[in-house]
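Asker: what follows is a predicted protein model with its sequence.
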Amino acid sequence: MNPSSLKSIVSLLVVAAVSSAHTETIDQTNSNPAAGTDWNQASIWGGSAPIPSNDYATVSTGATIGNGLGFTANGTPWTVQANLRDSQSTSTFGGGSLILNAGTRLLMKGNAGNVSTANIVMNGGFIQAAPNAGGSTALAGTIDTGTLLSAIGTNPSPGSTFTLDIFSTIIGSGILQLVNAGENGTRVSHINLKGDYSDFTGTLFLTQADNIPSSAGSSFSIASGSAPLATLELVAFSTNFLYDLSTDVSFGTVIINGSPLAPGTYGFAELNDLSFGSFTDNGGTITVGVIPEPSSVMLGILGLGAVALAEARRRRLGAR
């Protein structure tokens with residue numbers, strides 16, 4: 001079975017999916033909560049704290065908040081028209097899922113060493129990790145990109161070095177931009193993708209912010225794994241872009257600076273040459289043109305129920 005056939009099966013399963021078991025979608029009622037108000041506060045959701053049986057959706061006001069701009073990546077401005085904050089301590093979002101709509105931002109403010117866990121549905125919104133100090137924080141749970149363009153970016157504290165570890169399982173078929181950003185040229189930012197992305201069928205798009213690129217030494221890394229139906233795209237000519245080649249990864253398609261790579265396995269020397277010196281040599285490789293084994297295809301089909309269910313939630317949201 002070829003990748004295009006599997007994508008057709010995925011589409012059919014999504015169309016045939018039954019309605020979500022969650023009973024209701026609750027809209028955000030406070031579009032710009034105070035700094036001490038985290039995502040589980042009742043005041044954000046009309047007076048009732050999130051519960052697992054409901055889904056929760058951010059709502060754009062249509063007007064910008066603050067300076068209005070999280071960052072710009074590959075020409076796309078990620079504009080803040082509503083905010084939602086996680087906790088500064090380790091926390092789990094209480095709802096069944098958190099739907100991030102266009103113009104809205106999940107602002108990660110977790111202190112060093114903390115983990116924020118949520119089942120996130122990207123519906124045109126974005127996530128920005130902007131802690132008040134350096135160190136390392138993490139995002140866990142699931143990220144469903146759907147079919148839209150979405151983004152996860154950083155903007156650490158001035159003069160600091162910050163690491164965002166993404167342990168979330170990633171599904172969907174959209175474009176997910178991973179964006180290192182840092183105002184004033186004094187902020188070093190690392191984004192490490194450490195979760196399971198094997199069922200993702202979209203594009204992981206790695207780039208520095210157009211308007212506020214992070215400082216030299218900032219980097220991206222992806223944990224070992226194979227995504228036979230996904231694309232990895234690197235905009236390696238952006239300012240201070242660096243990919244830490246520390247693991248062996250495999251994607252159906254790999255694009256560097258707009259040029260698709262021919263099928264095969266690439267090591268540091270070839271990749272560094274193709275990207276004008278944007279890789280660090282830590283023993284990893286990138287393989288292009290992954291062909292799924294028949295047994296893997298069947299396992300993938302059996303495991304697509306979660307994807308179909310998430311798409312059903314999104315269709316219900318769109319019909320509201």
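Answerer: Thanks, I have it.

Asker: wait, doesn't N40 sit right on S87?
Answerer: Yes - applying CB atoms under 8 Å, one finds N40 in contact with S87, separated by 7.4 Å. In short, each C-beta sits where N, CA and C put it, glycine included.

Asker: can you pick out the residue with more neighbours from these two?
Answerer: Neighbours were counted for N40 and for S87 using other CB atoms under 10 Å; S87 has more, 20 against 17.

Asker: assess the claim that that one and G110 are in contact.
Answerer: Yes - judged on CB under 8 Å, S87 makes contact with G110 at a distance of 6.9 Å.

Asker: overlap in contacts of the two?
Answerer: Common neighbours of S87 and G110, using CB atoms under 8 Å, 6 or more residues apart in numbering, are S116.

Asker: low pLDDT regions in the stretch 51-200 of the chain?
Answerer: Along the stretch 51-200 of the chain, no part satisfies pLDDT under 70.

Asker: any idea how many residues pack against T145?
Answerer: When neighbours are counted by other CB under 10 Å, T145 comes out with 24.

Asker: with H190 instead?
Answerer: By other CB under 10 Å, neighbour count at H190 equals 21.

Asker: can you give me the distance of it to S221?
Answerer: 8 Å (CB to CB, to the nearest Å).

Asker: go on, T231?
Answerer: Counting by CB to CB, the separation of T231 from S221 is 18 Å.

Asker: now do F237
Answerer: In terms of CB to CB, F237 sits 19 Å off from S221.

Asker: which residues touch I26?
Answerer: Counting by CB under 8 Å, 6+ apart, I26 makes contact with 45-46, 48, 50, 54-57, 95.

Asker: give the helix, strand or coil label for it.
Answerer: Here I26 is strand, with the state taken from DSSP: H, G, I helix; E, B strand; the rest coil.

Asker: if we look at the sheet, which residues does it bridge to?
Answerer: Beta-bridge partners recorded for I26 (DSSP bridges): Y56.

Asker: then A82?
Answerer: Applying DSSP bridges, one finds that A82 bridges with T104.

Asker: that one: neighbour count?
Answerer: 24.

Asker: what do you get for A230?
Answerer: Neighbours of A230 under the rule other CB under 10 Å: 25.

Asker: and for N272?
Answerer: 18.

Asker: ok, and what's touching the helix or strand containing it?
Answerer: For N272, the element it lies in under DSSP states H and E is helix 268-274. Contacts with helix 268-274, where a contact means CB under 8 Å, 6+ apart, come from 243, 245, 256-257, 259, 261, 266, 278-279, 281, 284, 286.
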